Each structure stands twice: as structure tokens, then as C-alpha cells.
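**Q** Next come a sequence and a model predicted from it.
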Amino acid sequence: MTDGMTAALTRRRLGGAVLLLAGIAVAVFVLWPGGGDDRPAVKKLPVRFVSVPPLGLGFVHPTSWSRTVRKRIISLRAPGGSVLVFFSSPVAKPEPRRVKAEAERQLRKQFAPAQIVREGPGRLGNREASSFELKGRDSSGAVRALVLVEDTPYRTYAVTVLTGAHPSRRRVTEARQIIASVRFSRPRAVRSK
């Protein structure tokens, strides 16, 4: 009988020890990452999200870039002014040929003598766009302009990127990322009730 009691006690002790170890393992797993106030503060993204519902336009730009809005033109300026990006939606219908021709006419006039150095397809966000690149001059010297024109069933959009002769690689990369972030949606003013 003593052997039976010893075996029962040993099983209980072993079972209790296993449960204790399992409890410790679960507690370590649950409590280990810490909880409390020791967590580092959430780092803000170095970008600003821009959404313009009346135009059905959205994009992201670095917080170091300044932004101004005048009527239906949104301007972004890189630190130091080496790159400028303009977003506009001049017509509330799909007319990309007209918008592209008008942009070309105005840029040729503003940066005369100017010439088109490249014309063809481009990308505006995740969409195919028509584009041209112009080389000209202003009072400060050589200027390059890249114009991307795209339309939706609701509006036509033009994005113009202006640079000097030799902008920094960093600023050009940031401008490319801004252009790649562009998204279109149905403008709020057109939405049915």
C-alpha cells in the first residue's frame, strides 16, 4: 500500500511540476514584450498625405516640401526650390489632348526658346499617361519641364515637374515618388445623392 501511495504522490508532484512549468512558459510568452511605458514613441512618417475630394485627386509628398494651393492648382516646392511640382485639373471632362496642347503652348511661351526633347507615354501613379519633356530657358538659366496628362471619366489632370539644369538626384527621386503616389477617384462634386 505504501508503494501505491508513493506512486500517486510522485504522479501528482510530476503533474503539478509540469503545470507549473507550463504556466511559467505562458506567462513569459505573454508578459515578455513588456507593456508599460517603456515602449518607444511611434515615429511619424516623413510624408504628408494629400487628398482633394472635389478634384478626385490624392498623392503623397515629403514633409520637407512646401505646399501651396491656388484655385485648382496645387504646387509643391522642394527645399531650396530645385524642383517644383504642379498638380492641376483644368477641365471637368476627359480632354487630355486639349490640356496637353495648352500646357505645351504655355510652357513654350514661358521658357522660349524651348524645344520638346521627348514625347510619349508616361506613368502617373498606377495609370498610363501621355507626356512630353521640354527644355528651355528662363531668367535664371536652363529649365526642364516634364508634363504628364491623364484623364478619368470625370476630369482631366496635368502634372508638371520643373527643374533647373542639374537638380540633385535626391530631389528628382522624391519627385518621381510623388508622381508614383498619385491616385484618382470620382470627384465628390460629381457623386450622386
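**A** Cool, the structure landed. Residues are numbered from 1 along each chain as shown.

**Q** Spell out, range by range, the strands that occur in the protein.
**A** With DSSP state E as the criterion, the chain has strands at 47-52, 57-62, 66-70, 73-77, 83-91, 115-124, 127-138, 141-151, 156-164, 183-184.

**Q** Would you mind finding the most buried of those strands?
**A** Ranked by mean neighbour count, the strands of the chain are led by strand 156-164 with a mean of 22 (mean count of other Cβ atoms under 10 Å). Quick note: C-beta positions are derived from backbone N, CA and C, even for glycine.

**Q** any idea how far the nearest residue to L162 once chain neighbours are set aside lies from R67?
**A** Distances taken as Cβ to Cβ, 6 or more residues apart in numbering put L84 closest to L162, at 4.4 Å, once the chain neighbours are dropped. Computed as Cβ to Cβ, to the nearest Å, the L84 to R67 distance reads 11 Å.

**Q** now swap in D138 and tell me
**A** 22 Å.

**Q** tell me the domain ranges of this protein?
**A** 1-40, 47-190 (automatic domain parsing).

**Q** Tell me which residue lies nearest the centroid of this protein.
**A** Central residue of the chain (Cα atoms, centre = their mean): V60, 3.3 Å from the mean position.

**Q** So what pairs up with it in the strands?
**A** Counting by DSSP bridges, V60 is bridged to F49.

**Q** what's near enough to touch it?
**A** For V60, the contact set (Cβ atoms under 8 Å, 6 or more residues apart in numbering) comprises 47-50, 177-178, 181.

**Q** With V117 instead?
**A** In this structure, V117 makes contact with 133-135, judged by Cβ under 8 Å, 6+ apart.

**Q** With S139 instead?
**A** Going by Cβ under 8 Å, 6+ apart, S139 touches no other residue.

**Q** Next, format the strands of the chain as CSV and append distance to L107.
**A** Listed next are the strands of the chain as CSV, based on distance: least, Cβ to Cβ, whole Å:
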stretch, distance to L107
strand 47-52, 23
strand 57-62, 21
strand 66-70, 18
strand 73-77, 14
strand 83-91, 11
strand 115-124, 9
strand 127-138, 5
strand 141-151, 5
strand 156-164, 8
strand 183-184, 23
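
**Q** Including mean pLDDT and distance to Q106, could these go into a markdown table?
**A** Output for those, formatted as a markdown table (pLDDT from 0 to 100; distance: least, Cβ to Cβ, whole Å):
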| stretch | mean pLDDT | distance to Q106 |
| --- | --- | --- |
| strand 47-52 | 90 | 22 |
| strand 57-62 | 94 | 20 |
| strand 66-70 | 91 | 16 |
| strand 73-77 | 93 | 12 |
| strand 83-91 | 93 | 11 |
| strand 115-124 | 94 | 13 |
| strand 127-138 | 94 | 10 |
| strand 141-151 | 94 | 10 |
| strand 156-164 | 94 | 10 |
| strand 183-184 | 94 | 23 |
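
**Q** Those: which one's closest to K109?
**A** Taking Cβ to Cβ as the criterion, K109 comes closest to strand 127-138 out of those, the separation being 9.6 Å.

**Q** Pull the distance from that closest one to the chain's centre.
**A** Put simply, strand 127-138 sits 21 Å off its chain's centre (Cα atoms, centre = their mean, to the nearest Å).
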